[in-house]
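Peer 1: just coords:
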């Protein structure tokens with residue numbers, strides 16, 4: 001396979017993006033986690049990794065660089081991985097502007113979809129960064145309205161519905177997609 005493929009996993013909180021990336025990583029597919037940019041930025045400022053510091057950093061770089069900030073910052077990392085690999089994954093693409101920036105340079109986008117009630121249930125049970133069930137809808141609305149997240153989801157090239165409580169079902173769907181992509 002000569003074509004380079006980027007599976008940019010987009011979806012609302014709790015859809016299963018991180019689980020999908022873990023599965024891809026076990027298959028030897030490297031990934032770029034946009035959240036790592038936040039982590040490095042916060043730590044580079046000498047601050048601890050707290051939700052407040054992370055939010056302030058995200059808002060700061062988007063104010064300085066625009067809504068495509070994470071894609072711009074991730075591009076060298078993406079290019080470096082593509083030099084050595086035919087397929088990589090992106091975890092954390094959010095905004096329409098990030099999508100446009102990357103789509104001009106790289107193909108393919110994958111959507112992980114789960115119904116809101118299923119996602120809210122998962123978010124409330126998370127060990128890391130849990131979100132109370134009743135606050136999940138607020139988070140959805142904030143991500144759609146403030147991060148322009150709806151566009152990349154609406155225009156994704158592939159859909160992986162993740163409404164099962166069994167992670168194996170998601171992994172099978174991912175493996176089927178990789179087969180269709182001839183990876």
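Peer 2: Received the coordinates, thanks. For clarity, every value in this text was computed on a predicted model and none was experimentally measured.

Peer 1: all strands for this structure, in order.
Peer 2: Assigned by DSSP state E, the strands in the chain fall at 5-10, 31-33, 87-91, 110-113, 158-161.

Peer 1: Residues touching the shortest one, excluding its own?
Peer 2: It stands for strand 31-33. Contacts with strand 31-33, where a contact means Cβ atoms under 8 Å, 6 or more residues apart in numbering, come from 21, 24, 25, 74, 77, 78, 81, 88, 89, 90, 91, 92. Every C-beta, even on glycine, is put in place using the N, C-alpha and C of the backbone.

Peer 1: is it possible to export those residues to TSV including pLDDT?
Peer 2: As requested, the contacts of strand 31-33 are exported to TSV (pLDDT from 0 to 100):
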residue	pLDDT
21	93
24	96
25	96
74	96
77	96
78	95
81	96
88	94
89	94
90	93
91	91
92	84
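
Peer 1: Out of the strands of the chain, flag the one nearest residue 104.
Peer 2: strand 5-10 (12.4 Å; Cβ to Cβ).

Peer 1: Can you add distance to residue 58 and mean neighbour count and give the strands of the chain back as CSV?
Peer 2: Listed next are these as CSV, based on distance: least, Cβ to Cβ, whole Å; neighbours: other Cβ atoms under 10 Å:
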stretch, distance to residue 58, mean neighbour count
strand 5-10, 17, 24
strand 31-33, 14, 21
strand 87-91, 15, 23
strand 110-113, 21, 22
strand 158-161, 26, 17
